[in-house]
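# Here is a sequence with its predicted model. Questions after.
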Amino acid sequence: MQIFNAGDYIHAVERKVTSENISKVLYPSDSVETGKELRLIQEYFLVACAVRDIVRRFLREHSSFDDFSRSVAIQLNDTHPALTVAELMRYLVDEQSLHWERAWSITRATLGYTNHTLLSESLEKWPVPLLERVLPRHMQIIFEINCRHLAEVAARWPGDVQRLRRTSIIEEEETKQVNMANLSIIGSHSTNGVSELHSELIRKDLVPYFFQLWPERFNNKTNGVTQRRWLLLANPSLARLLNETIGDGWITRLDELRALEAHAGDAGFREKFMAAKRANKVRLARIVLETADTVVDPDSLFDIQAKRIHEYKRQLLNVMHIVHEYLRLAEDGREPPFARTYIFAGKAAPGYWQAKQIIKLINSVAQVVNNDPRVRDLLKVVFVPDYRVTLAERIIPAADLSEQISTAGKEASGTGNMKFSMNGAATIGTPDGANIEIVREAGEENNYIFGLTAGLIHEMQSGGSYQPRAIYNDDQEIRRILDALAAGVFSPQEPQLFAWLSRALLEHGDPYFHLADLRSYLDTQDRAATDYAQRALWARKAILNVARIGWFSSDRTIREYADGIWDLRAVP
């Protein structure tokens, strides 16, 4: 107050403003140094508060740390809380005066690590100088952990420099980096992926040397979603129909939805099921009109891709199919068998230029398609703004076709794919993440799988055999799509606006294999359109996707974590 009363108002509130920066914006862009430092501080703030709270509650009932790992389980959700390894060690060694070996045994027995991504840019690495400045004691502890770990590796595989390099926490680049994934694996007793394919790729491709060192620590826990939110709450019209038809046991035991299979052939039930779907489409159509100022037809096929905007999730592949359909209609006069509405939703990271350009592309395509009199409302394209959970609860129940089209081997699991299937959407997707398990459960005949496998993509990448320009030259329809984007058909005021896309695909190697999968995608979309025109067939597919979704309840997932990682027993 003295500073304020002296007239130095800015200085008076400076410390308050500075301290509040930590919670002003979650995960600021790390493209600049100040953003990177703030992001690190935020992660440490989360870790320090969580560890302090856990220990405080533990010490209420315990006088020593002998039972700590039997009473406490901490699961590292990807690399963002990886500093827990160093923070728990710091607390036990510095504040509780435990010997290093005992503290390390407790830390490792307490922590488990769930990996959520195979993308190298998403596995955090922090510059050593930054950590030394912001968290000097933690950096000392990390160096000590790494020193002891490398000694263990060297003892088992003498002279294997490559193995030492790949399993070291410290990456010896021009600027030394701390590999947080390696810290998480070394500092925990369990490492799991979140789908069968993802867990296999972790063992085989991401960290094979760690798997050889500790094979018993690696396991899979396929993701799940809660039916209480994503069906009972989000889709009341379908939930009521389920309760009337098979009872409400599915609310706590999702596998009871299997009883629906007996009704898939019942014409009366199919009509009720599709009526519930239409009610959800009417509800979403109102939201689209309010938020995107676009009228859409609830009787059209709702083809929906709602997820984070990222190149590997391939919203661009979806857009190229829309361009293909538009050109067939507008230039060739070839009408689709029914009206179709393409709905996108999602957000891009603040500093992700390409993702933001894809959002711009979707809106530009929508502007042209929705205002072309030749289209006559047979095609509509919508980008619904401000994607969030409450909006997802309205979008997902309205989907007829769920777009899960990531480059095979890039999507760890996905949970949107489960939510859409749970609400009676057929999946059009690649053999990636949990798509594989969803289709295995629900039946390939009830979904639409296309494209290269992760193994084939890996072979093409490592062998350098992928030639996207050859695909462009050989396929006239694909060539027309790319030429339309490059020529400014969807950006007449700025003809070069999307020219970068052609360069990325044809000159820069198409790293996410859009063109490699595009022909298969176009053909599979045609097959889905043919099936949708047969109402009884489509209703049966939708019903069976709901009936066979029981495995993907988060109840099952949590039971697996409790049994396999946390050693917990359910309360009777």
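That came through fine. Numbering: from 1, shown residues only.
# helices or strands next to whichever strand or helix holds Ile358 in the packing?
Counting by DSSP states H and E, the secondary-structure element that holds Ile358 is helix 353-370. Helix 353-370 makes packing contacts with helix 315-330, strand 379-384, helix 499-502 when contacts are defined by 3 or more C-beta pairs under 8 Å, 6 or more residues apart in numbering; DSSP states H and E. (C-beta placed from N, C-alpha, C; glycine too.)
# any idea which of the ones you listed is most buried?
For the helices and strands packed on helix 353-370, the stretch with the most neighbours on average is strand 379-384, a mean of 24; neighbours defined as mean count of other C-beta atoms under 10 Å.
# Run the angle between that strand and helix 315-330 for me.
Strand 379-384 and helix 315-330 meet at an angle of 150 degrees, taking axes from the mean of the first three to the mean of the last three C-alpha atoms, to 10 degrees as the criterion.
# Okay, buried residues for the helix or strand that strand 379-384 is followed by please.
Towards the C-terminus, the helix or strand next in line after strand 379-384, according to DSSP H and E, is helix 389-395. Of the residues in helix 389-395, those buried by neighbour count under the rule 16 or more other C-beta atoms under 10 Å are 391-392, 394-395.
# which other residues reach the helix holding Ile358?
Applying C-beta atoms under 8 Å, 6 or more residues apart in numbering, the set of residues contacting helix 353-370 from outside is 294, 309-311, 315-316, 319, 322-323, 326, 344, 346, 348-349, 375, 379-383, 485, 489-491, 497-498, 500-501, 504.
# please redo it, this time with the cut-off set to 6 Å
Counting contacts by C-beta atoms under 6 Å, 6 or more residues apart in numbering, the residues outside helix 353-370 that touch it are 309-311, 315-316, 319, 326, 344, 348, 375, 379-381, 383, 490-491, 498.
# before we move on, what about stretch 376-387?
Around stretch 376-387, the neighbours that count as contacts under C-beta under 6 Å, 6+ apart are 288, 291-292, 294, 296, 322, 336, 339-347, 362-363, 365-366, 369-370.
# can I get the CA coordinates of stretch 550-562 in CSV?
Below are the C-alpha coordinates for stretch 550-562, written out as CSV (Å, rounded to 0.1, in the frame of the first residue of the first chain):
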residue,chain,number,x,y,z
GLY,A,550,-19.1,-52.7,-24.0
TRP,A,551,-15.4,-53.4,-24.0
PHE,A,552,-14.6,-49.7,-24.3
SER,A,553,-16.1,-48.6,-21.0
SER,A,554,-13.7,-46.7,-18.8
ASP,A,555,-14.9,-49.0,-16.0
ARG,A,556,-13.0,-51.8,-17.7
THR,A,557,-10.0,-49.6,-18.2
ILE,A,558,-9.8,-48.5,-14.6
ARG,A,559,-10.2,-52.1,-13.4
GLU,A,560,-7.2,-53.1,-15.5
TYR,A,561,-5.1,-50.2,-14.1
ALA,A,562,-6.2,-51.2,-10.6
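# what about Trp538, neighbour count?
21 (other C-beta atoms under 10 Å).
# Tell me the confidence at it?
Turning to Trp538, the model gives it a pLDDT of 98.
# Per the annotation, how does this protein divide into domains?
The record, using automatic domain parsing to delimit domains, assigns the chain the ranges 2-221, 227-453+512-558.
# Walking through the stretch 201-350 of the chain, point out its strands one by one.
218-220, 301-306, 340-345 (DSSP state E, counting those that start in this stretch).
# Neighbouring strands of the last one in the sheet, and parallel or not?
Spelled out, it's strand 340-345. Using DSSP bridges, the strands paired with strand 340-345 are strand 301-306 (parallel), strand 379-384 (parallel).
# which one of those lies closest to Ala434?
For the strands paired with strand 340-345, the distance to Ala434 is smallest for strand 301-306, at 16.0 Å, taking C-beta to C-beta.
# Restricting to C-alpha, output the closest one in CSV.
In CSV, the C-alpha atoms belonging to strand 301-306 read as follows (Å, rounded to 0.1, in the frame of the first residue of the first chain):
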residue,chain,number,x,y,z
LEU,A,301,-26.0,-37.9,-43.9
PHE,A,302,-24.0,-36.3,-41.0
ASP,A,303,-20.3,-37.0,-41.7
ILE,A,304,-18.4,-35.7,-38.7
GLN,A,305,-14.8,-35.2,-37.7
ALA,A,306,-14.5,-33.7,-34.3
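# Quick one: mean pLDDT for it?
Averaged over strand 301-306, pLDDT sits at 98.
# how much does it deviate in direction from helix 353-370?
Taking the same axes, to 10 degrees, one finds that strand 301-306 is oriented at 160 degrees with respect to helix 353-370.
# From here on, call the first residue 51.
Right, with 51 as the first residue, what we last looked at is strand 351-356.
# Strand 351-356: how far from the chain's middle?
Its chain's average C-alpha position is 17 Å from that of strand 351-356, according to C-alpha atoms, centre = their mean, to the nearest Å.
# Contact partners for Ala578?
Ala578 makes contact with 478, 498 under the criterion C-beta under 6 Å, 6+ apart.
# mind checking pLDDT for it?
Model confidence at Ala578, given as pLDDT, is 97.
# Tell me the spacing between it and Ala492.
With distances taken as C-beta to C-beta, to the nearest Å, Ala578 is found 15 Å from Ala492.
# Next: Phe260.
From Phe260 over to Ala492 the distance is 34 Å, taken as C-beta to C-beta.
# again, but for Ala484
11 Å.
# Equivalent analysis for Leu281, please.
Per C-beta to C-beta, Leu281 is found 15 Å from Ala492.
# More neighbours: which of these two?
Here Leu281 and Ala492 are set side by side on neighbour count (other C-beta under 10 Å), and the busier one is Leu281, at 27 against 22.
# Out of the strands paired with strand 390-395, which gets nearest to Asp560?
Each of the strands paired with strand 390-395 has some distance to Asp560 by C-beta to C-beta; the shortest is strand 351-356, at 19.4 Å.
# before we move on, the earlier item: generate TSV for the buried residues of helix 439-445, with pLDDT as supplementary columns.
Formatted as TSV, the entries for those read as follows, by pLDDT from 0 to 100:
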residue	pLDDT
Leu441	98
Ala442	98
Arg444	98
Ile445	98
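# just those now: which is nearest Pro179?
Taking C-beta to C-beta as the measure, Ala442 is the one of those closest to Pro179, at 40.4 Å.
# Show me which helix runs longest in this structure.
The helix of greatest length in the chain, counted in residues with DSSP state H as the criterion, is given as helix 83-111.
# hmm, back to that, with distance to Ala159 and mean neighbour count added, can I get the strands of the stretch 251-400 of the chain in JSON lines?
Converted to JSON lines, the strands of the stretch 251-400 of the chain look like this (distance: least, C-beta to C-beta, whole Å; neighbours: other C-beta atoms under 10 Å):
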{"stretch": "strand 268-270", "distance to Ala159": "16", "mean neighbour count": "18"}
{"stretch": "strand 351-356", "distance to Ala159": "40", "mean neighbour count": "24"}
{"stretch": "strand 390-395", "distance to Ala159": "42", "mean neighbour count": "24"}
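# Quick check: the gap between Leu572 and Met370.
With distances defined as C-beta to C-beta, the gap from Leu572 to Met370 amounts to 8 Å.
# Mutual contacts of the two, please.
Residues touching both Leu572 and Met370 (C-beta under 6 Å, 6+ apart): none.
# out of the strands of the stretch 251-400 of the chain, nearest to Gly559?
Nearest of those (C-beta to C-beta): strand 351-356, 24.0 Å.
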